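Quick check, what structure comes out for this input:
(2 chains)
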Amino acid sequence: QQQVKQSPQSLIVQKGGISIINCAYENTAFDYFPWYQQFPGKGPALLIAIRPDVSEKKEGRFTISFNKSAKQFSLHIMDSQPGDSATYFCAASNSGGGSTLGRLYFGRGTQLTVWP
Amino acid sequence: DGGITQSPKYLFRKEGQNVTLSCEQNLNHDAMYWYRQDPGQGLRLIYYSQIVNDFQKGDIAEGYSVSREKKESFPLTVTSAQKNPTAFYLCASSTPRNSYEQYFGPGTRLTVT
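As a prediction, the model looks like this:
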């Protein structure tokens, strides 16, 4: 069962436009919601993350919006650039505790293409 | 430079052979993870380890085995029991307290024919 559902699977945006990727989850025990960026042939890298007690977090052109009641969160990329073309994964984390190690549950990914 | 290394980048094997993928980190992280990536499937957790000599099965552990004899190393063996081993394999590490912030290696693409 997919713990985190991500859409769309692929996204094409013109340079300067806004890219929006959406994710949804069910488990209210999740306590961190990171986004990872992956370029072809490379490993993913953490882009930005948000805790559920915050509704929005912005870092440069990247913003996470979080709706706790709807159990949804989204990534907005403002002024999208060709260099943003990559696969983006949302994820949800349970921190674990004591002897239990936390882990990440990933969405299936969105392949973003930004046309110049 | 601190980071995670995976070797080799490309690996080819014949069906029925076991193969071991290497993962080494010098970030001094206690926690290490192995993921499998297939197109359209996202990243699926195979095994993870919080400490030396201890590891837990992830969501798709069947046909795989791991060891954690050193803090820096977490090799993954893909056994002949894995029905569909061709995939991109990613190793990651984190501190146990910040398991949401994982650092990934460059991956190994395994092709079994």
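
Just to check, B:G105 is in contact with A:A45?
No. Counting by CB atoms under 8 Å, B:G105 stays clear of A:A45, with 11.1 Å between them. Bear in mind the C-beta positions are built from the backbone N, C-alpha and C, glycine included.

What residues does chain A have near chain B?
For chain A, the residues in contact with chain B (CB under 8 Å from any CB of the partner chain) are A:6, A:9, A:32, A:34, A:41-46, A:49, A:89, A:91, A:93, A:95-96, A:99, A:101-104, A:106-109.

What backbone torsions are found at residue 87?
Just going to use chain A. Backbone torsions of A:T87, given as degrees, to the nearest 10, read phi -100, psi 130.

so the nearest residue to A:P8 once chain neighbours are set aside bridges to which residues?
When the adjacent residues along the chain are set aside, A:P8 lies closest to A:T110, with 6.0 Å between them (CB to CB, 6 or more residues apart in numbering or on different chains). As for beta bridges, A:T110 partners with A:Y88 under DSSP bridges.

Which pLDDT value belongs to A:T110?
Note on A:T110: pLDDT of 97.

So it versus chain B, what's the distance?
To chain B, A:T110 is 10 Å away according to CB to the nearest CB, to the nearest Å.

residues near that residue, how many?
By other CB atoms under 10 Å in any protein chain shown, 22 other residues sit near A:T110.

which residues does A:S55 contact?
Applying CB atoms under 8 Å, 6 or more residues apart in numbering or on different chains to A:S55 gives the contacts A:S65, A:F66, A:N67, A:K68.

Now list the buried members of these.
In these, burial by neighbour count holds for A:S65, A:F66, counting by 16 or more other CB atoms under 10 Å in any protein chain shown.

about what we covered before: who has more neighbours, B:G105 and A:A45?
Higher neighbour count among B:G105 and A:A45: B:G105, with 22 against 13, using other CB under 10 Å.

Return the per-residue confidence for A:N94.
Looking at A:N94, its pLDDT is 84.

That one against A:F30, yeah?
Yes. Using CB under 8 Å, A:N94 makes contact with A:F30 at a distance of 5.7 Å.

So which residues on chain B come close to chain A?
Close to chain A, as judged by CB under 8 Å from any CB, chain B has residues B:4, B:31, B:33, B:40-45, B:48-50, B:56, B:58, B:90, B:92, B:96-97, B:99-107.

what's the burial count for residue 82?
Defaulting to chain A. 10.

not what I meant, chain B
If we define neighbours as other CB under 10 Å, then B:Q82 has 21 of them.

That one contacts B:E62, correct?
Yes. Here B:Q82 lies in contact with B:E62, judged by CB under 8 Å, at a distance of 7.3 Å.

how about the residue most central in space within chain B, what does it touch?
In chain B, the residue lying closest to the centroid (CA atoms, centre = their mean) is B:W34, at 3.0 Å. Contact analysis of B:W34 by CB under 8 Å, 6+ apart lists B:23, B:45-48, B:58, B:64, B:66, B:74, B:76, B:89-92.
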